[in-house]
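Student: only geometry, no sequence info:
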């Protein structure tokens, strides 16, 4: 079945460091790919998405490119801030799961001053 | 106005009790979902309704019963609560059920603790 694999956390970075969170997927269909963010004690917010190969999603300085050849959707940000500390979830959506989101296990990010 | 709202936000109860969680969306969406987030933060789909019709029913104990009185509401009733039911339950909605491109909007979650 479909699945999403994210790098294990927690990831700890200093403010203004470069961030990469790896995400790879397995899907029999043609998925759309999403990054959601969960701030402490809150619900999930969509961070960005991409719906076809080579699309780049971007928001709030974060970017991710849909790479069909490597089945990847890595999240990047050039300069992280303390306020970026959160849990980041990579997810895919296809008809295989009735169009429900299929999440990775989440990567916790802590940014220190 | 909150797009997807859930009540209660926190729920502490004893084993064996029956409890309900309510969800409402004011986005005019046709499809609503329940997800469960366990203690390790892993999120998994439980149910999905489209226009009050059950679409997805994952391997969830029969003690969990969703109900959708109208397309703006999706409630979750849990009978005979067990310790393992302790989790955060998220409601979500999307415009339709059959588009892989659409964004799902999540509620703030209900933190259930079974003692």
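Tutor: Right, received. Where do you want to start? Nothing here was measured: the structure is a model prediction, and the numbers come from that model.
Student: is chain A contacted by stretch B:12-19?
Tutor: No - under the criterion of CB under 8 Å from any CB of the partner chain, stretch B:12-19 makes no contact with chain A; the nearest approach is 16.0 Å. From N, CA and C alone the C-beta is placed, and that goes for glycine too.
Student: so how far is that stretch from its chain's centroid?
Tutor: Offset of stretch B:12-19 from its chain centre (CA atoms, centre = their mean, to the nearest Å): 17 Å.
Student: list the buried residues in it.
Tutor: If you call a residue buried by 16 or more other CB atoms under 10 Å in any protein chain shown, then stretch B:12-19 has these buried ones: B:13, B:19.
Student: ends of it, how far apart?
Tutor: In stretch B:12-19, first residue to last residue: 10 Å (CA to CA, to the nearest Å).
Student: do stretch B:94-107 as well
Tutor: Using CA to CA, the two ends of stretch B:94-107 sit 12 Å apart.
Student: who touches that stretch?
Tutor: A:29-32, A:34, A:36, A:43-46, A:49, A:51, A:93-95, A:98-99, A:101, B:3-6, B:23, B:25, B:27-31, B:33, B:35, B:48, B:50, B:55, B:90-93 (CB atoms under 8 Å, 6 or more residues apart in numbering or on different chains).
Student: quick one: the helices in chain B?
Tutor: Using DSSP state H, no helices are found in chain B.
Student: tell me what residue B:34 is bridged to.
Tutor: Beta-bridge partners recorded for residue B:34 (DSSP bridges): residue B:47, residue B:91.
Student: is it true that it touches residue B:90?
Tutor: Yes - assessed by CB atoms under 8 Å, residue B:34 is found in contact with residue B:90 at 7.3 Å.
Student: who has more neighbours, those two?
Tutor: residue B:34 (27 against 24; other CB atoms under 10 Å in any protein chain shown).
Student: any idea how far the nearest residue to residue B:23 once chain neighbours are set aside is from residue A:50?
Tutor: With CB to CB, 6 or more residues apart in numbering or on different chains as the criterion, residue B:23 has its nearest non-adjacent residue at 3.4 Å, and that residue is residue B:91. Counting by CB to CB, to the nearest Å, the gap from residue B:91 to residue A:50 is 25 Å.
Student: what is the neighbour count of the closest residue to residue B:50 other than its chain neighbours?
Tutor: Excluding its sequence neighbours, the residue lying closest to residue B:50 (CB to CB, 6+ apart) is residue B:97, at 4.0 Å. Residue B:97 has 21 neighbouring residues, counting by other CB under 10 Å.
Student: all set now, cheers.
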